[in-house]
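Asks: coords please:
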Amino acid sequence: MAQISIYTDGAARGNPGRGGYGAVLLSGQHRKELAAGYKLTTNNRMELLAVIIALETLKPGKHEIKIYSDSKYVVDAINKKWIQGWVRKNWKDVKNIDLWQRLLPLLQAYKPEFIWVKGHADNPLNNRCDELATAAADGTGLLSDVVYEAVHKLK
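Replies: Got it, this is the predicted structure:
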């Protein structure tokens, strides 16, 4: 069984504002970095999207996955089983439903362990994800967070 460590972070310049995500995936001697920037989004959406994109990048199969995130929003939603409550309540009053619903089958398929790490501290991989996320938010060729923009009727 492959052991995979995934570090993730999201960033937004303004909330909402320009945003980006960064992820570092490690398995054995393999390392992959992922990042993308968005014209208009929120920090929480980028935190979630970092996890989603990292999991979507994996090849199907048996993996032992540990996800390290400095987002209490993401980590607590999984570890404290908030997401199960949201499903039972038919997503009533939940923000970012589109992303949570995109994440849910990935959680069921891979059953990752979520570990909270302190942001902007002494964790070099979390710091690297922050660098990737902020560079993506500040970069060019930004993508559209279509669902966010449609729901909030922002341009």
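Asks: Can you pull out the low-pLDDT segments for this protein?
Replies: For the chain, applying pLDDT under 70 flags the ranges 153-155.
Asks: Secondary structure of residue 34: a helix, I assume?
Replies: No. Judged by DSSP: H, G, I helix; E, B strand; the rest coil, residue 34 forms no part of a helix; its state is strand.
Asks: got the residue ranges for the helices in the protein?
Replies: According to DSSP state H, the chain carries its helices in the segments 43-57, 72-79, 82-88, 97-110, 124-138, 146-152.
Asks: Most tightly packed of these?
Replies: Across the helices of the chain, averaging neighbours per residue (mean count of other CB atoms under 10 Å) puts helix 43-57 on top, at a mean of 22. Where C-beta positions appear, they are placed from N, C-alpha and C, glycine not excepted.
Asks: picking that back up, mind putting the helices of the chain into JSON lines with distance to residue 9?
Replies: Shown next, in JSON lines, are the helices of the chain (distance: least, CB to CB, whole Å):
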{"stretch": "helix 43-57", "distance to residue 9": "6"}
{"stretch": "helix 72-79", "distance to residue 9": "10"}
{"stretch": "helix 82-88", "distance to residue 9": "20"}
{"stretch": "helix 97-110", "distance to residue 9": "15"}
{"stretch": "helix 124-138", "distance to residue 9": "4"}
{"stretch": "helix 146-152", "distance to residue 9": "18"}
